[in-house]
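Novice: give me a 3D structure for the following:
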Amino acid sequence: MTTKDRLELIALEGTNPNQHVYALKGPLTLGNLFTVQEALRSDAPVLILDLAGVPFIDSAGIGALVQCFVSRTKQGKRLVLTGPNDMVTKTFKATKVDTLLETYPTLDAVK
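Specialist: Predicted coordinates:
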């Protein structure tokens, strides 16, 4: 895996203790899903993934987000995505997950 293909996961301070917030930096792809899986297993009632640093997401990345969404919804928990760029937003729309996933333009916009 090259440096440009690497995904960094950075824990951020949530606005309340019921939130776990992570900033993702790098593409969210099959090659680096293991990096994000720890965050996806969060026990917090609200898991927020800031995608502002994600230039690209492939079908495996979308699958992981959908699986996390379904699992968390069954447990009465939320998955919130923030800051997707135009390419990621277009991918969400093309795969029709834009109607499923709770997405906000910025972290500050999360309710």
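Novice: quick one: contacts for D50?
Specialist: Taking Cβ atoms under 8 Å, 6 or more residues apart in numbering, we find D50 in contact with 12, 21-24, 82-83, 107. To be clear about C-beta, it is placed using only N, CA and C from the backbone, and glycine gets the same treatment.
Novice: ditto for T103
Specialist: Shown in contact with T103 (Cβ under 8 Å, 6+ apart): 80-82, 84, 89, 92.
Novice: taking these, tell me the two that lie furthest apart.
Specialist: Greatest spatial distance in those: V80 and T89, 15.1 Å, computed using Cβ to Cβ.
Novice: quick one, which of the two is more surrounded?
Specialist: V80 (21 against 16; other Cβ atoms under 10 Å).
Novice: wait, doesn't that one sit right on L107?
Specialist: No - counting by Cβ atoms under 8 Å, V80 sits too far from L107 to count as a contact (9.2 Å).
Novice: which residues are common contacts for the two?
Specialist: Common contacts of V80 and L107, defined by Cβ under 8 Å, 6+ apart, comprise I48.
Novice: burial count for V70?
Specialist: For V70, the tally of surrounding residues (other Cβ under 10 Å) stands at 12.
Novice: for T15, same thing?
Specialist: Using other Cβ under 10 Å, T15 has 12 neighbouring residues.
Novice: mind checking what secondary structure it has?
Specialist: coil (DSSP: H, G, I helix; E, B strand; the rest coil).
Novice: so what's it up against?
Specialist: Contacts for T15 (Cβ under 8 Å, 6+ apart) come out as V110.
Novice: ok, it to L100 distance?
Specialist: Plainly put, T15 is 24 Å away from L100 if you go by Cβ to Cβ, to the nearest Å.
Novice: just R78 next, same as before
Specialist: Using Cβ to Cβ, one obtains 13 Å as the distance from R78 to L100.
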